[in-house]
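Undergrad: need a 3D model of the following:
(chains A and B, ligands or ions: 1)
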Amino acid sequence: MKDLTVSTLIAVFEEIFGRGVFWTMVTVAALVTLAYVYVLVRDRSVSWRKFLLAQLSMPVGAVAAVWFVMVMTHSQLSDIGGPIDVIVLLAVAVLGAVGMAILVYTLESLLGSTRTERRLDP
Amino acid sequence: MNRREFLSLSALGGAASLALVAEPGPAAATAVPTSASIVIVGAGAAGTALANRLARRLDGAKITIIDPRREHLYQPGLTLVATGLKPASYVVSDTARWLPDGVTWLPERVAAVDAEAKTVSTQGGQTLSYDWLVLAPGLVLDNEAIEGFSLDLVGQNGIGALYAGPEYAARTWSAASAFTREGGVGIFTRPATEMKCAGAPLKHTFLVDDIARRAGNAGKVEMIYAAPQEALFSVPIVSEKVRMLLEDRRIGTQMQRTLTAIDPGARRATFATGNGTEEIDYDYIHVIQPQRAPDFVRQSGLSWADKWVDQGWVEVDRQTLRHLRYPDVFALGDVAGVPKGKTAASVKWQVPVVEDHLVAAIAGGEGTATYDGYTSCPMITRIGRAMLVEFDYNNDLVPSFPGVIAPLEELWISWLMKEVALKATYNAMLRGRA
Ligand SMILES: Cc1cc2nc3c(=O)[nH]c(=O)nc-3n(C[C@H](O)[C@H](O)[C@H](O)COP(=O)(O)OP(=O)(O)OC[C@H]3O[C@@H](n4cnc5c(N)ncnc54)[C@H](O)[C@@H]3O)c2cc1C
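TA: Next up is the predicted model:
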């Protein structure tokens, strides 16, 4: 690798997924983040019930992300060979968990469900 | 709901959006105005990357790139095609797709260069004159050098030859996969000449071994790595590591063996040893043809006269890649007569050097960039693991991520680099963006 700048990284990601898919993914991630910020601001507070469900979904997101990466790259868990591999694996899991939590929280807030509505509040 | 929980949730959102923040790329340097005519021979990795960069750096230059091949080949992918991990189409794209506007592509084969008269002539009979010439025609595989071998045999009778292109890499997989199922003796060869991606013969060996193991057939295969050299790898510290890996996998080695002939019917290979010949019967043999500069390079008097005389690499300065006798000629990529290189990763480091010297010369100055021999080959040691081996002219290891990605360790991240990131980086390089 010669020099690793952000523009090189973007070029690399565009090539991995294709320009269209990459920027669609970026857009979707940005929209979900925006929607998340929107519900935080709208509700002025975090609903503990929704947060609980979001937290429960995190392991699912982590496992799904690791599984996706392993399948896409012909890899197995036994290929983990050193500290950096563990870090990459954990980073994938954390990204999956966080992404899933945000998605679930935002969907709950936007679509709502009676279970998590603020029934207890005055 | 308290503030701490609110903050922790906000932090989650922040982490996700962090990935989206992008800096603008470096501002493009102002283009140098010129009316120079530049001819680039070969639209492979090196020629295409340079054309894209020059188109951006020069204003008004007449840039012509000559290459008869309409399909661009991402050659590092051939290793994966030859073990069934990717389809043949993975390595093929359109040459035209990568070429920038403002560069003329002449789809013809160069037949000769007259460096005194500063002209290039094609097989189709066209003659182009140039102010600057960049030679990037890659190398040719010498199929005839191995008696009894021809490309139409690949894929049958246990013969593989993945260097020959996507179709032959796919046929190599049909021969190799039969071997991993049925077992027998497998011989993995390497030529005596310089070669592109010197790690590739080992990668194929390790991958075929791994596939046989996964199929539960480790006991049925006898693996032999046979090479003309004395060392397993040209860089001593890497060579030792490779020795340990081969021992670990119980892959036998036969050094100072140059493949000279095969008998496809009898499945017998003949090797020249230091003091005679030796025959080995095989069930699978992987042939890598000897490699040389294209004929027109040698016939045009551009090669070294006292080095690699049987191979004909272009006589260039190892730091600037400029021809030692014709300062308006440069060589890039596999054809360059320098001691290391011959990988796409080297091309990535060489192209900015030639760009620098060419643009500086056009602007009336002198370039300063130098190439230090950077060569890299993610050495796959099994499916899912590789070693990111990077070195220079001095045989020093020059890791890109020191302290993070250990060069001599079998790592998953190095496999990810080869599997996922390499093609993307290669394509970005073709566009002149990496
Ligand atoms: C099996 C294999 C595995 C590899 N693995 C790796 C790897 O893991 N990492 C890595 O960095 N590198 C790897 N490489 C090496 C890498 O692909 C090459 O070093 C790189 O492509 C060299 O670029 P080039 O432009 O010099 O030659 P090429 O990309 O081969 O392009 C040469 C071009 O010149 C054209 N040409 C030839 N003769 C003429 C003529 N007379 N007139 C006009 N045009 C002509 C050809 O049509 C071709 O398009 C591998 C190569 C192989 C074969």
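
Undergrad: other SSEs contacting the helix or strand bottoming out on mean pLDDT in chain A?
TA: Ranking every helix and strand in chain A by mean pLDDT, DSSP states H and E puts helix A:6-17 at the bottom, with a mean of 77. Under the contact definition 3 or more C-beta pairs under 8 Å, 6 or more residues apart in numbering or on different chains; DSSP states H and E, helix A:6-17 sits against helix A:19-43, helix B:422-430. C-beta here means a position set from N, CA and C on the backbone, and glycine is covered the same way.

Undergrad: for chain B, what lies in contact range of the ligand?
TA: B:41-47, B:66-69, B:75-76, B:78-79, B:109-110, B:136-138, B:162-163, B:196-197, B:200, B:294, B:296, B:333-334, B:342-345, B:347, B:376-378 (C-beta under 6 Å from any ligand atom).

Undergrad: now those residues: which count as buried?
TA: Buried subset of those (neighbour count, 16 or more other C-beta atoms under 10 Å in any protein chain shown): B:41-47, B:66-67, B:75-76, B:78-79, B:109-110, B:136-138, B:162-163, B:196-197, B:200, B:294, B:296, B:333-334, B:342-345, B:347, B:376-378.

Undergrad: adding mean neighbour count and mean pLDDT, write the helices and strands packed on helix A:6-17 out as CSV.
TA: Listed next are the helices and strands packed on helix A:6-17 as CSV, based on neighbours: other C-beta atoms under 10 Å in any protein chain shown; pLDDT from 0 to 100:
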stretch, mean neighbour count, mean pLDDT
helix A:19-43, 14, 90
helix B:422-430, 22, 91
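
Undergrad: which among these is found nearest to residue B:251?
TA: For these, proximity to residue B:251 was assessed by C-beta to C-beta; helix B:422-430 is nearest, at 24.6 Å.

Undergrad: nearest residue to the middle of chain A?
TA: residue A:99 (1.7 Å; C-alpha atoms, centre = their mean).

Undergrad: correct me if wrong, but it is in a helix.
TA: Yes: Residue A:99 sits within a helix when classified using DSSP: H, G, I helix; E, B strand; the rest coil.

Undergrad: what sits closest to it if chain neighbours are left out?
TA: residue A:61 (5.9 Å; C-beta to C-beta, 6 or more residues apart in numbering or on different chains).

Undergrad: the one you found against residue A:96, yeah?
TA: Yes: between residue A:61 and residue A:96 there is a contact under C-beta atoms under 8 Å: 4.2 Å.

Undergrad: near residue B:217, how many other residues are there?
TA: 15 (other C-beta atoms under 10 Å in any protein chain shown).

Undergrad: need the contact list for it.
TA: B:180, B:181, B:183 (C-beta atoms under 8 Å, 6 or more residues apart in numbering or on different chains).

Undergrad: just the residues of chain B next to the ligand: which are in strands?
TA: B:41, B:66, B:110, B:376, B:377, B:378 (DSSP state E).

Undergrad: now the last one, nearest residue through space, not along the chain?
TA: What it means is residue B:378. In space, residue B:378 is closest to residue B:418, 3.9 Å off (C-beta to C-beta, 6+ apart).

Undergrad: cool, and the fifth one?
TA: The shortest distance from residue B:377 to any non-neighbouring residue, by C-beta to C-beta, 6+ apart, is to residue B:199 (3.7 Å).

Undergrad: could you measure from the one you found over to residue A:74?
TA: Using C-beta to C-beta, to the nearest Å, one gets 19 Å for the distance from residue B:199 to residue A:74.

Undergrad: do the same with residue B:84
TA: 10 Å.

Undergrad: ok so, going back, wait, the residue nearest to residue B:377 touches residue B:389, no?
TA: Yes: using C-beta under 8 Å, residue B:199 is in contact with residue B:389, at 6.8 Å.

Undergrad: can you list residues touching both of those two?
TA: B:377, B:378, B:379.

Undergrad: where do the helices sit along chain B?
TA: B:3-18, B:45-57, B:78-81, B:95-98, B:166-182, B:200-214, B:236-248, B:295-299, B:344-362, B:412-416, B:422-430 (DSSP state H).

Undergrad: now do the closest residue to chain A within the stretch 101-250 of chain B: how many residues are near it, please.
TA: Closest contact between the stretch 101-250 of chain B and chain A, by C-beta to the nearest C-beta, is at residue B:214 (10.0 Å). Residues lying near residue B:214 (other C-beta under 10 Å) number 13.

Undergrad: contact partners for the residue sitting nearest the centre point of chain B?
TA: With distances taken as C-alpha atoms, centre = their mean, residue B:343 lies nearest the centre of chain B, 3.5 Å away. Applying C-beta under 8 Å, 6+ apart, we find residue B:343 in contact with B:196, B:197, B:375, B:376, B:377.

Undergrad: next: residue B:355.
TA: B:50, B:53, B:54, B:57.

Undergrad: how close does residue B:234 get to the ligand?
TA: Per C-beta to the nearest ligand atom, to the nearest Å, residue B:234 is found 15 Å from the ligand.

Undergrad: what do you get for residue B:176?
TA: According to C-beta to the nearest ligand atom, residue B:176 stands 14 Å off from the ligand.

Undergrad: state the pLDDT value of that residue.
TA: If you check residue B:176, the pLDDT there is 98.

Undergrad: surely residue B:421 meets residue A:13?
TA: No: in this structure, residue B:421 is not within contact of residue A:13 by C-beta under 8 Å, at 9.5 Å.

Undergrad: would you mark the buried spots in the helix or strand hosting the residue nearest to residue A:99?
TA: Using DSSP states H and E, residue A:61 sits in helix A:48-72. Neighbour-count burial for helix A:48-72 flags A:49-51, A:53-54, A:57-58, A:61-62, A:64-66, A:69-70 (criterion: 16+ other C-beta under 10 Å).

Undergrad: spit out the contact partners of the nearest residue to residue B:390 once chain neighbours are set aside.
TA: Among residues not flanking residue B:390 along the chain, residue B:376 sits closest, at 4.2 Å (C-beta to C-beta, 6+ apart). Contact partners of residue B:376, counting by C-beta under 8 Å, 6+ apart, are B:343, B:345, B:346, B:388, B:389, B:390, B:391, B:400.

Undergrad: tell me how far residue B:239 lies from residue B:93.
TA: With C-beta to C-beta as the criterion, residue B:239 and residue B:93 are 35 Å apart.

Undergrad: need the contacts of residue B:376 in CSV (columns: pLDDT).
TA: Listed next are the contacts of residue B:376 as CSV, based on pLDDT from 0 to 100:
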residue, pLDDT
B:343, 97
B:345, 96
B:346, 97
B:388, 94
B:389, 95
B:390, 96
B:391, 97
B:400, 90
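
Undergrad: biggest separation within those, which pair?
TA: Largest pairwise distance in the contacts of residue B:376, by C-beta to C-beta, is 14.6 Å, between B:346 and B:388.

Undergrad: closest one of the buried residues of helix A:48-72 to the ligand?
TA: Here the nearest of the buried residues of helix A:48-72 to the ligand, counting by C-beta to the nearest ligand atom, is residue A:69; it sits at 21.2 Å.

Undergrad: okay, and the nearest residue to that closest one once chain neighbours are set aside sits in which element?
TA: Nearest residue to residue A:69, sequence neighbours excluded (C-beta to C-beta, 6+ apart): residue A:92, at 5.3 Å. Residue A:92 is located in helix A:83-111, with elements delineated by DSSP H and E.

Undergrad: just to revisit the earlier point, need the ones in strands among the residues of chain B next to the ligand in CSV (columns: pLDDT and distance to residue B:143).
TA: Formatted as CSV, those follow (pLDDT from 0 to 100; distance: C-beta to C-beta, whole Å):
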residue, pLDDT, distance to residue B:143
B:41, 98, 22
B:66, 98, 24
B:110, 98, 21
B:376, 94, 28
B:377, 84, 24
B:378, 89, 27
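
Undergrad: of those, which is the nearest to residue B:228?
TA: residue B:377 (18.7 Å).

Undergrad: quick check, the closest one in contact with residue B:346.
TA: No: with contact defined as C-beta under 8 Å, residue B:377 does not count as touching residue B:346 (9.6 Å).
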